[in-house]
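Student: Quick one, fold the following:
(4 chains)
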Protein chains: 4
Amino acid sequence: MAAEQDRGTVARYIPGLASISPDQFGMAVVGADGSLATGGDAKTSFSIQSISKVFALTMALGKVGDQLWSRVGREPSGNAFNSIVQLEAEHGIPRNPFINAGALVVADVNLSGHMPRESIGELLRFVRYLADDDSIAIDESVARGEAETGYRNIALANYMRAFGNIRHAVELVTGCYFHQCAIAMDCVQLARAGRFLMLDGRQPDGGQVVSARRARRINALMLTCGHYDASGDFAFRVGMPGKSGVGGGILAVVPGKASIAVWSPGLNESGNSQLGTLALERLAEATGWSVFSART
Amino acid sequence: MAAEQDRGTVARYIPGLASISPDQFGMAVVGADGSLATGGDAKTSFSIQSISKVFALTMALGKVGDQLWSRVGREPSGNAFNSIVQLEAEHGIPRNPFINAGALVVADVNLSGHMPRESIGELLRFVRYLADDDSIAIDESVARGEAETGYRNIALANYMRAFGNIRHAVELVTGCYFHQCAIAMDCVQLARAGRFLMLDGRQPDGGQVVSARRARRINALMLTCGHYDASGDFAFRVGMPGKSGVGGGILAVVPGKASIAVWSPGLNESGNSQLGTLALERLAEATGWSVFSART
Amino acid sequence: MAAEQDRGTVARYIPGLASISPDQFGMAVVGADGSLATGGDAKTSFSIQSISKVFALTMALGKVGDQLWSRVGREPSGNAFNSIVQLEAEHGIPRNPFINAGALVVADVNLSGHMPRESIGELLRFVRYLADDDSIAIDESVARGEAETGYRNIALANYMRAFGNIRHAVELVTGCYFHQCAIAMDCVQLARAGRFLMLDGRQPDGGQVVSARRARRINALMLTCGHYDASGDFAFRVGMPGKSGVGGGILAVVPGKASIAVWSPGLNESGNSQLGTLALERLAEATGWSVFSART
Amino acid sequence: MAAEQDRGTVARYIPGLASISPDQFGMAVVGADGSLATGGDAKTSFSIQSISKVFALTMALGKVGDQLWSRVGREPSGNAFNSIVQLEAEHGIPRNPFINAGALVVADVNLSGHMPRESIGELLRFVRYLADDDSIAIDESVARGEAETGYRNIALANYMRAFGNIRHAVELVTGCYFHQCAIAMDCVQLARAGRFLMLDGRQPDGGQVVSARRARRINALMLTCGHYDASGDFAFRVGMPGKSGVGGGILAVVPGKASIAVWSPGLNESGNSQLGTLALERLAEATGWSVFSART
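Tutor: Predicted coordinates for the structure are as follows:
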């Protein structure tokens, strides 16, 4: 069906995501001046999935700082999001914090000194603070459903535990990870949660979330590693730091200009939102908001 | 020796580069307004090596346009610059045009309908035009010396020829490639040659070298793939599209702001100029010229 | 220390094995005529570890026959015993039943319709029958200790479960696997348990354990895959079908001539008994018992 | 067509082999007692291709002895015959002498102190001596045709030259290699050439070609590595040391019993003669000539 090709295919391997209609599209753009523009299903909640890795990374850097980089790399992996191959050659050190293995290490860091429930609660409070919206919640049915596709992630965590790079019990770490992936947000909430990344680390009210340097660095990681093995293509076509999730959402950042969230559940071959990517590509073309453009 | 650690190690595997003193450093910054700032050995010529891949890619895109992408990918490789592993799994299609295998395909494209001498001449004229400096030349002794380290590149080209992705005789393609790597430029010339990438594809005199879209895309490739398996780290630390060469040079672009060339022959573990990278990192910090900063 | 080099190093990663003195060596040879020759510590029990994979494979073939080969391959892996790399490229199908991943699939097959305790009991009874010795038992402290090194195996099992090639709950499968590895036997018992492989599938009393064809095939697998990534070297030096374990034991079969067990806990770089391999090499040299010799 | 499935597919990538009718089958069995049994097209010449690696290895071991093993491994590769992946990880040391990379190193050894013409002549004389037949010759048209498929082999040789593991000019080494592959023999000649491997290294007239130990070791390498990534399967099904070639020939050795050559040009998926393998499997079944059988 042509429409399916145009819209991509909904991720079927996570129960609770498979039943979502691909016939949806939403977008929200928060400007550096605080303006908000929305379109389509911008107020429909979806599972942010891997976009949560951005917030979890930010929280982990707040806890342990650059020590994190002794346990996770900063290079694009050249492999799929759930690949285990690179871990063997590189002794349990994931290539970057945005592939699943890296996100599990980040979850392990965030768990330090906490019970899982506390750790998840802390991350949820952080996201609510960033978005300034206390209604953001975890979709427990999605979190439970992750278990059915969770074997690879459990394998990754055990594998890294064998190298000593996961330090808590695997079931605690994966439990946190499955819950963070199941955070539900709409485009407006997500675009608001990304504001600190366009504002050199500050919230619009002036609160410093992270230093300007750290904000730049998180943006850099999003650009080089935010779309798994299609990160290069996203940079080539869109030219914005971005992070996608298999729920069909993408958070994109234009430093100094805008924080953008798009959502459309149909995915392309690389597991990124098909319409979402296209919408960002056209937006970048129309506005010159690519970080690689002289016009920004 | 502490100094050696500070300055890195000169590439020893190419005769003619091994004898160069690491005790040199130069920098040139051309602003979008045409201003020029220089420091250190900015007028000393060096072998641009892999930086030539940027110019060769630009020329090949001018010849065949987006058809090039059926023969070369656009993703970071996750492997060293001269790795052959990925080629086998991916049937002779290199991951991107900035690893050696990809640059050999680009050289094959540029050779179409030409004798090697003509193809090299065309590239040299293009670089002279970009830099507005007809004194730029090829160091023939370096070109000859490449042969001594050329076995891997010859292997890569033969390997891709087995898949039909090199179409001219291997010795012609590698001949062109070895000569393009041996182009000698100083920092001022190199920074000038990169101006079109900061100016949305135009020369300062208004001449359109490539479209704005293509300029953005070349910048994107430089950011995600310009430093081999240290591209992520360079983006993280410096935050500018850049391309390094084992001669110790780096061309870095700040769209709308500056075209920068640094040179220091001592290399770090990843084969990129140690002092050059450090200088760019400090410059980005001081100026906010990272593409990931709100201040640009 | 020279002695350590001569004797190799005791496996330290499994608690309960690490404390065993490398200063031990035993050997038992059961002839096709029923003769028994012993030497050294032939009556000292040791943990058979991966040698159990031979008995578990034989039992699984008895349950599902050649259907097993749709879930496990028959090729040497070229990788270490606990590698996970090949599994990703080959969609969860292990290369052969003697690497850990393959043995986990075999354990999954043997578990069908059983509780773990029953499955382990069935295997133990089978080994007792083969050796004609009801005193053979499992060392529960070793089985418990496997858990401390079990992360990689748990990772392997979860990884294959993601591909549907492990069908029972991972903890049940690994539980069985850890217990089978912890079977304790001495050289005499082990050599006796291997008799059916030298006698075209029959016990000395004429009982048919497997068909002659199946016995040949198990021998073939031992020769090509029995020593992980040192299988080629063992075939080259010793020339007998054999299976080693990290407890320091090796079961070697000379079809029509002898079933041989050696044990010495010091391991070489590849994780096979150093003195055990040397003893078998000399025995093969002295007797012409290599399967590659015209003299057999 | 059913017949094509039964007979496999003729190798099409080497000109001169592609035109051969798959409708041919020959077999020759030389017994340890000197008896000769033949069947079908046993007197039709074919290109021995990779079977030549056995004779070239034997010659190289005669020249440099066990020093060879510092430059070539003895382990099954787990990869296809022309894979380059393993070479990168293992620094230019091929896994075994029966994959193409290993055979190129062997050719490099055999070239020492010779002109290519002399080296090829020496190998041809050696094969004629083994078979006691001076009519054996090289098919020059096949040798020339190898060049059209030669890019991967040229790539392998250049790649190993980069690591210093090819010491002569690549074109000389590949020239020798292409010629050795183009030796033409019929089944009777080939079975006779393999007699020393069934007779512990001696010719039937008592002449010692290699020591008994070396004969055993070559047999071991044939068993573990003789059929590329289907070596395990051949051992499993046939149980004889053997070496196949893409010309459709297989040399199989039953130590102390027989030297067997089969030929049928249709290949299975792994590039080994389909009918040839089947014929050997049935012969092994009928005679008990598997080295893994108690009956030998």
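Student: quick one: A:S259 and A:C187 touch, right?
Tutor: No: judged on CB atoms under 8 Å, A:S259 makes no contact with A:C187 at a distance of 10.7 Å. In this view, the C-beta of every residue, glycine as well, is placed from N, C-alpha and C.
Student: Next, give phi and psi for the residue lying closest to A:Q274 once chain neighbours are set aside.
Tutor: Spatial nearest neighbour of A:Q274, chain neighbours left out: A:G8 (3.3 Å); criterion: CB to CB, 6 or more residues apart in numbering or on different chains. Dihedral angles of A:G8 (phi, psi; degrees, to the nearest 10) stand at phi 80, psi -170.
Student: circling back: more neighbours, A:S259 and A:C187?
Tutor: A:C187 (30 against 24; other CB atoms under 10 Å in any protein chain shown).
Student: thought that one was touching A:K43?
Tutor: Yes: if you go by CB under 8 Å, A:C187 and A:K43 touch, sitting 7.5 Å apart.
Student: Which residues are in contact with each of the two?
Tutor: Common neighbours of A:C187 and A:K43 are listed as A:G26 (criterion: CB atoms under 8 Å, 6 or more residues apart in numbering or on different chains).
Student: Just checking: what are the partner strands of the helix or strand hosting A:A28?
Tutor: A:A28 belongs to strand A:26-31 when assigned by DSSP states H and E. In the sheet, strand A:26-31 lines up against strand A:36-40 (antiparallel), strand A:258-263 (antiparallel) (DSSP bridges).
Student: Most tightly packed of the ones you listed?
Tutor: Highest mean neighbour count among the strands paired with strand A:26-31 (mean count of other CB atoms under 10 Å in any protein chain shown): strand A:258-263, with a mean of 28.
Student: Contacts for it, please.
Tutor: So strand A:258-263 is in contact with A:24-32, A:41-42, A:44, A:46, A:186-192, A:194-195, A:197-198, A:240, A:247-254, A:273, A:275-276, A:279-280, A:283, A:289, going by CB under 8 Å, 6+ apart.
Student: which bits of the stretch 51-200 of chain A sit near chain B?
Tutor: Neighbours of chain B within the stretch 51-200 of chain A, by CB under 8 Å from any CB of the partner chain: A:73-79, A:86, A:95-96, A:198-200.
Student: can we see that at 7 Å?
Tutor: Taking CB under 7 Å from any CB of the partner chain, the part of the stretch 51-200 of chain A that reaches chain B is made up of A:74-79, A:95-96, A:198-200.
Student: What is the neighbour count of the residue lying closest to A:R7 once chain neighbours are set aside?
Tutor: Spatially, and ignoring its direct neighbours in sequence, A:R7 is nearest to A:G266 (3.7 Å; CB to CB, 6+ apart). A:G266 sits with 24 neighbouring residues when counted by other CB under 10 Å.
Student: Can you pick out the ones from the residues of the stretch 51-200 of chain A next to chain B that are in helices?
Tutor: Within those, residues falling in helices by DSSP state H are A:M198.
Student: Among the residues of the stretch 51-200 of chain A next to chain B, which pair sits farthest apart?
Tutor: Greatest spacing in these, by CB to CB: A:N79 and A:L199 (32.8 Å).
Student: TSV please, covering the strands paired with strand A:26-31 and showing mean pLDDT.
Tutor: TSV is the format used below for those (pLDDT from 0 to 100):
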stretch	mean pLDDT
strand A:36-40	98
strand A:258-263	98
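Student: Quick one: residues contacting the residue positioned nearest the centre of chain A.
Tutor: Nearest residue to the geometric centre of chain A (CA atoms, centre = their mean): A:I51, 1.6 Å. Applying CB atoms under 7 Å, 6 or more residues apart in numbering or on different chains to A:I51 gives the contacts A:190, A:243, A:245, A:249, A:251.
Student: Please apply the same query to A:A279.
Tutor: Each residue near A:A279 by CB under 7 Å, 6+ apart is listed here: A:27, A:262.
Student: can I assume A:G247 is in contact with A:S45?
Tutor: No: applying CB atoms under 7 Å as the test, A:G247 and A:S45 come out as separate, 9.8 Å apart.
Student: higher neighbour count, the two?
Tutor: A count of neighbours by other CB under 10 Å puts A:G247 above the other of A:G247 and A:S45, at 29 against 20.
Student: what about that one, which SS state?
Tutor: Following DSSP: H, G, I helix; E, B strand; the rest coil, we place A:G247 in the coil state.
Student: Check A:A235 too.
Tutor: Secondary structure, three-state DSSP: A:A235 is helix.
Student: where's it relative to A:P241, distance?
Tutor: A:A235 sits 9 Å away from A:P241, going by CB to CB, to the nearest Å.
Student: Low-confidence regions, the stretch 151-296 of chain A specifically.
Tutor: Applying pLDDT under 70 to the stretch 151-296 of chain A picks out residues A:296.
Student: So which residues of it form strands?
Tutor: A:183-185, A:242-244, A:249-254, A:258-263, A:266-267 (DSSP state E, counting those that start in this stretch).
Student: State the number of residues packed around the closest residue to chain D within the stretch 101-250 of chain A.
Tutor: Minimum separation of the stretch 101-250 of chain A from chain D (CB to the nearest CB) falls at A:D229, amounting to 18.4 Å. For A:D229, the neighbour count with other CB under 10 Å is 22.
Student: Many thanks, I have nothing further to ask.
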